[in-house]
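In: need the 3D shape of this:
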Amino acid sequence: METPSDSGAGAASSRQAPMIVRHAIREQEILWADFLAMSRSVVDSLAKGVEAICEGRIDVIPEVKQAEQESDREEVRIEQECLRILALYEPVASDLRRLATMLKVSRDWERVADLAARIARRARKLARKSDGVAVPDDLKARAREVLVQVRSSYDALAARDARRARTLIESGRAIDGRFRTLRKSLKRELGQDPGRLRAWLQLLGTARNLERASDHATDIAQTIIYLEEGIIVRHQIESSAP
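Out: Predicted structure coming up:
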């Protein structure tokens, strides 16, 4: 037989449950907004890094460095908040996938910010002492292409668009091929002009940094598919790659 106290406790518990759900949803929405704000900031930082290497805009380098430091702090904070929400509310299904996405992709964005800072620093070194080696047009083209790719990965993430994410993954394969061609070209130039070794190494390093940023854009696209469809496509894509 149910006592009055048992009945009161049950009623209080039933009233609290919807409130807890509302709190959980609100906190996840706030964190998602913060996560997207971090993502936008990193895309802007990469854009400045591309300006530095393509247009010699070394004046933007302090902004890129500051964005790198901010992304470091935000990545840690977002991870802490994700873990707190996981422990407190024990989300399932799509809520759980969204938290997992923020945990993984915030690391991708932090690394892109780091790569943007490296690209900007290399641009400054080339500007100060390039040994007369200009940034090749092919490298500039790849830099702008990667910026478009990274920006598109942000757009797909903000829209939670799995179809666009799949298109990005396919385009990433073509970009990989163009980077292989670029590296071969830079190594050939280095072999023919070893007297300006440092400049060619800076350019090769810039190409590697850009290629890694492209890889992170592909990783983000793969995670968007997981977020929306609950499917892990990473190994499927790796096994089908030529």
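In: what helix or strand does the most centrally placed residue in the chain sit in?
Out: Most central in the chain under C-alpha atoms, centre = their mean is residue 109, positioned 3.0 Å from the mean C-alpha point. Using DSSP states H and E, the element containing residue 109 is helix 93-128.
In: going by neighbour count, list what's buried in that helix.
Out: Taking 16 or more other C-beta atoms under 10 Å as the basis for neighbour counts, the residues of helix 93-128 that come out buried are 95, 97-106, 108-123, 125-126. (C-beta placed from N, C-alpha, C; glycine too.)
In: I'd like the distance between residue 146 and residue 172.
Out: Note on residue 146: its distance to residue 172, by C-beta to C-beta, to the nearest Å, is 10 Å.
In: who's more crowded, those two?
Out: More crowded of residue 146 and residue 172, by other C-beta atoms under 10 Å: residue 146, with 28 against 20.
In: list the contacts of the helix or strand hosting the more buried one.
Out: Using DSSP H and E, residue 146 maps to helix 137-159. Under the contact criterion C-beta atoms under 8 Å, 6 or more residues apart in numbering, helix 137-159 has outside partners 36, 39-40, 43, 46-47, 50, 53-54, 105, 112, 119, 161, 164-165, 168, 171-172, 175, 178-179, 181-182, 185-186, 203, 206-207, 210-211, 213-214, 216-218, 220-221, 224.
In: may I see the ChimeraX selection of the buried members of the residues you listed?
Out: Only the buried members of the contacts of helix 137-159 enter the following ChimeraX selection, criterion being 16+ other C-beta under 10 Å:
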select :39,43,46,47,50,53,54,105,112,119,161,164,165,168,171,172,175,179,182,186,203,206,207,210,211,213,214,216,217,218,220,221,224
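In: just to revisit the earlier point, buried residues of the helix holding residue 146, list them for me.
Out: Under 16+ other C-beta under 10 Å, the buried positions of helix 137-159 are 139, 142-147, 149-154, 156-157.
In: name the nearest of those residues relative to residue 29.
Out: The nearest member of the buried residues of helix 137-159 to residue 29, counting by C-beta to C-beta, is residue 157 at 15.3 Å.
In: so, low pLDDT: which residues of the protein?
Out: 1-17, 20, 130-131, 235-242 (pLDDT under 70).
In: run through the helices of it in chain order.
Out: For the chain, applying DSSP state H gives helices covering 4-55, 61-89, 93-128, 137-159, 162-192, 197-229, 234-240.
In: contacting residues around the nearest residue in space to residue 227 that is not next to it in sequence?
Out: For residue 227, ignoring the flanking residues on the chain, the nearest one in space by C-beta to C-beta, 6 or more residues apart in numbering is residue 101 at 4.5 Å. If a contact means C-beta under 8 Å, 6+ apart, then residue 101 has 223, 224, 226, 227 as its contacts.
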